[in-house]
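Chemist: here are the coordinates; sequence isn't available:
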Ligand code: F6R
């Protein structure tokens, strides 16, 4: 696990966009894993700017989102399908239908989850997965207690996650759905490269467990310690509880540029 502490969201966006640009250069038909939420927004802004400038193209690429609320009406602005369309997909040049997500309005939820897993596999698996992390240590919506071997399924959101996300629902906790469909931890672990972004003091405890804690279903993101290629991009505030913070900074500063992240 590589920990990179940067000056803030803008630099995080640029470093992650460099890795995605490299991937698209090597493999134009790459498969991207796309998180929603606020953490990846700077990455999407940077990618949209580079695409507009003609520096990168998503024309042959595919994308899969991580999760979806269950039961939000098709026209609800917080449906993750709509959110990812607004913040990223509509701003770049993906082919129509190239980005898919789990279907939170499916009448047969287990079948919809299985179909989503099959679609990821049929696309050849995720080359690069962008992740955020919840204050309770969730990745996608794998809440504390999630099976470390889980696949896409329905989950109940914790009260903490619903409180955290109420800001997207006019601060109305009751409007935040109680259930979601989410890629499982094993689904995420199958991605070839994972870039996790965390900014702000509120993420410091979760980041401390993710990077330096014991692997435990209580802090689901810790499963990433078993992944061979994870890059954790942080600002100072999110890194404030890390014990080896000086080592992480020195390592990144002295890293040969050709290595990328
Ligand atoms: C969103 C997702 C969640 C978020 C996490 C952090 O698709 O899977 O795990 O990444 O809740 O959210 P933000 O980035 O809004 O703090």
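Modeler: Perfect, thanks for sending it. Not measured: the values here are computed from a predicted model.
Chemist: name the nearest residue to residue 41, sequence neighbours excluded.
Modeler: residue 87 (6.2 Å; C-beta to C-beta, 6 or more residues apart in numbering). To be clear about C-beta, it is placed using only N, CA and C from the backbone, and glycine gets the same treatment.
Chemist: does the ligand sit close to the biggest helix by length in the chain?
Modeler: Determined from DSSP state H, the single longest helix within the chain is helix 9-26. No: Helix 9-26 stays clear of the ligand (C-beta under 6 Å from any ligand atom), getting no nearer than 10.7 Å.
Chemist: OK, contacts around the residue nearest to residue 41?
Modeler: Neighbouring residues of residue 87 by C-beta atoms under 8 Å, 6 or more residues apart in numbering: 36, 41, 44.
Chemist: mind putting the residues you listed into a markdown table with distance to residue 121, pLDDT and secondary structure?
Modeler: Compiled in a markdown table, these are given as follows (distance: C-beta to C-beta, whole Å; pLDDT from 0 to 100; DSSP: H, G, I helix; E, B strand; the rest coil):
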| residue | distance to residue 121 | pLDDT | secondary structure |
| --- | --- | --- | --- |
| 36 | 22 | 97 | coil |
| 41 | 29 | 98 | helix |
| 44 | 25 | 98 | helix |
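Chemist: and the stretch 51-200 of the chain, which of its residues are near the ligand?
Modeler: So the stretch 51-200 of the chain meets the ligand at 66-67, 132-134, 138-141 (C-beta under 6 Å from any ligand atom).
Chemist: tell me which of those is nearest to the ligand?
Modeler: Distance to the ligand across those (C-beta to the nearest ligand atom) is lowest for residue 132, with 2.5 Å.
Chemist: how about that closest one: what's its closest non-neighbour residue?
Modeler: Excluding the flanking residues, the one nearest residue 132 by C-beta to C-beta, 6+ apart is residue 39, at 3.5 Å.
Chemist: follow-up on the earlier one: now render the residues of the stretch 51-200 of the chain next to the ligand as a markdown table, adding neighbour count, pLDDT and secondary structure.
Modeler: Formatted as a markdown table, these follow (neighbours: other C-beta atoms under 10 Å; pLDDT from 0 to 100; DSSP: H, G, I helix; E, B strand; the rest coil):
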| residue | neighbour count | pLDDT | secondary structure |
| --- | --- | --- | --- |
| 66 | 29 | 98 | coil |
| 67 | 23 | 97 | strand |
| 132 | 21 | 98 | coil |
| 133 | 25 | 98 | coil |
| 134 | 25 | 95 | coil |
| 138 | 26 | 96 | coil |
| 139 | 30 | 98 | strand |
| 140 | 30 | 98 | coil |
| 141 | 26 | 96 | coil |
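Chemist: which two among the residues you listed are spaced furthest apart?
Modeler: Greatest spacing in those, by C-beta to C-beta: 67 and 133 (13.2 Å).
Chemist: so how far is the helix or strand that contains residue 116 off the chain centroid?
Modeler: Following DSSP states H and E, one finds residue 116 within helix 109-122. Here helix 109-122 is found 18 Å from its chain centre; the criterion is C-alpha atoms, centre = their mean, to the nearest Å.
Chemist: OK, contacts around the residue nearest to residue 114 when sequence neighbours are not counted?
Modeler: Closest residue to residue 114 apart from its sequence neighbours, by C-beta to C-beta, 6+ apart: residue 152 at 7.6 Å. Applying C-beta under 8 Å, 6+ apart to residue 152 gives the contacts 102, 113-114, 116-117, 181-184, 187.
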